[in-house]
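>>> Below: sequence and its predicted model.
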2 protein chains.
Amino acid sequence: MVLPRAARTQRRTRIQEEKEEQILEAALDVFATHGFRGSTIDQIADVAGMSKPNLLYYFRTKEAMHRALIDRVLDSWLDPLREFDAEGNPVSEICSYIRRKLEMARDFPRESRLFANEILQGAPHIEDELKGPLKALVDEKAEVIRAWAKAGKIAKCDPYHLIFAIWSTTQHYADFDVQVRDVLGEERSGEGRFEDAARFLEQLFVKGLEIKNGSD
Amino acid sequence: MVLPRAARTQRRTRIQEEKEEQILEAALDVFATHGFRGSTIDQIADVAGMSKPNLLYYFRTKEAMHRALIDRVLDSWLDPLREFDAEGNPVSEICSYIRRKLEMARDFPRESRLFANEILQGAPHIEDELKGPLKALVDEKAEVIRAWAKAGKIAKCDPYHLIFAIWSTTQHYADFDVQVRDVLGEERSGEGRFEDAARFLEQLFVKGLEIKNGSD
DNA sequence: GTAATGTTTTACCAACCGGTCAAATTATCA
DNA sequence: TGATAATTTGACCGGTTGGTAAAACATTAC
């Protein structure tokens, strides 16, 4: 029988898992660089080293490939925020959140750019995820931060904008990598820039959220 | 004689200025939303309210349109950084830089997204500008910040990463607008979010760069 | 007014796009 | 081994893409 992959309910063969893996890897490359509309199936097939019809045997449409990729990546992308622990020490929780986000920017820049492209272009394929699971998770963690502030453990601040600030400053090093390297110049474009960024951002956020003597 | 616009050296007619304006306005809309490769001439022509060949009479290629747009926008985009004044008070200079960048994110989100798209996709059309004028300007302002730190006016910090942090946190509200709105929820998605962001970011950066008693 | 120039449109093209089909090839397993 | 199912490919299709040619139309200069 000839059934396209998507129509089957169970994963069957070893070869299927391998090829799907191979395709999603290539798709990540292409979608992250050109966005959904700017990417072509031919291009992905080329990167994956297989023919276009073969690729379409495993994913029936370009949309299906993109969706599979989003589903797989979104979950792991939110892990650092999930680890944010209400019981921990506020300063070290925030520091390690920043560090984890920076590590992801360094080690998984394509995943970051995939989302950046998607959101930049109006999030046409993931708005449900943003309004649902993402918002829920942020709401939960924002409450944690608000409690910390109320308990006098950190300065009073808008927890949502704090989270936005951590997201933007860390993901910047993945999404705007070219610009960062160009501005730093060749001599400072080694991996050391992530160390420097970590040092700076920890200083900024720790001091920025500190309780000053006699205030707050 | 029939010469495409680009071949002429002088701007001639009133109609030319109007139409080029009209086209670039439409192109900004489309390129900012879909990136270069994801945009089509037909789409731009549609938004501009003219036929495709007519549009190609003023700009001979899609690339020419994009380039004209970049050239026009890049300059004004860097204005806030140029205003950064070495003679001014460090804290208020940084605050007003943040405020200006936030105002641009609010008032010119398409311009921000145009660059974000371009850089995300590897800056294939503007890398010269990044390595040249942009780097030069940042180098100059980084030196100003370094001098402030050395003079004990602000905390010691890496000036380049400080600038990156200001860029990313402010532009976030333009580039990731959909996400920001979705996470904040409907009731907080009014224009007030820019006020809240300004308050939070000023607090973060001012406190984060403060000189602590007895240190630095 | 009319001739020259500037502008717009219609019709078109070759290349590319997402996707289909049927046949060929390969893997699986009794 | 052979039958059956899974995988891969080349040829192809209708629609879209960036861009062109030439003629129709409008504007300006004299």
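Received, thanks.
>>> Report the buried residues of stretch A:112-130.
Neighbour-count burial for stretch A:112-130, counted by 16 or more other CB atoms under 10 Å in any protein chain shown, picks out A:112-121, A:123, A:126, A:129-130. Backbone N, C-alpha and C define where each C-beta goes, glycine included.
>>> contacting residues for the closest residue to residue A:62 other than its chain neighbours?
Closest residue to residue A:62 apart from its sequence neighbours, by CB to CB, 6 or more residues apart in numbering or on different chains: residue A:41 at 5.6 Å. Neighbouring residues of residue A:41 by CB atoms under 8 Å, 6 or more residues apart in numbering or on different chains: A:52, A:55-56, A:62.
>>> what about residue A:58, how many neighbours?
By other CB atoms under 10 Å in any protein chain shown, the residues close to residue A:58 number 20.
>>> wouldn't it be in contact with residue A:21 here?
No: with contact taken as CB atoms under 8 Å, residue A:58 and residue A:21 are classed as non-touching, separated by 10.1 Å.
>>> Can you give me the domain assignment for chain A?
As assigned by automatic domain parsing, chain A contains the domains A:5-60, A:73-209.
>>> any chance you could map the helices in chain A?
Counting by DSSP state H, chain A has helices at residues A:14-38, A:41-48, A:52-58, A:62-83, A:90-107, A:109-120, A:127-129, A:135-150, A:159-175, A:177-184, A:192-209.
>>> Run through the neighbouring helices and strands of the third one.
With contacts defined as 3 or more CB pairs under 8 Å, 6 or more residues apart in numbering or on different chains; DSSP states H and E, the secondary structure elements packing on helix A:52-58 are helix A:14-38, helix A:41-48.
>>> wait, which of the ones you listed is closest to residue B:95?
helix A:14-38 (34.9 Å; CB to CB).
>>> ok, back up a step: any chance of the helices of chain A in TSV with mean pLDDT and distance to residue B:194 as columns?
Listed next are those as TSV, based on pLDDT from 0 to 100; distance: least, CB to CB, whole Å:
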stretch	mean pLDDT	distance to residue B:194
helix A:14-38	94	26
helix A:41-48	98	38
helix A:52-58	97	44
helix A:62-83	95	24
helix A:90-107	96	24
helix A:109-120	97	18
helix A:127-129	93	22
helix A:135-150	96	19
helix A:159-175	98	10
helix A:177-184	97	24
helix A:192-209	97	19
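>>> returning to that earlier point: for chain B, tell me which of the buried residues of stretch A:112-130 show up nearby.
Near chain B, judged by CB under 8 Å from any CB of the partner chain, the entries from the buried residues of stretch A:112-130 are A:113, A:116-117, A:119-121, A:123, A:130.
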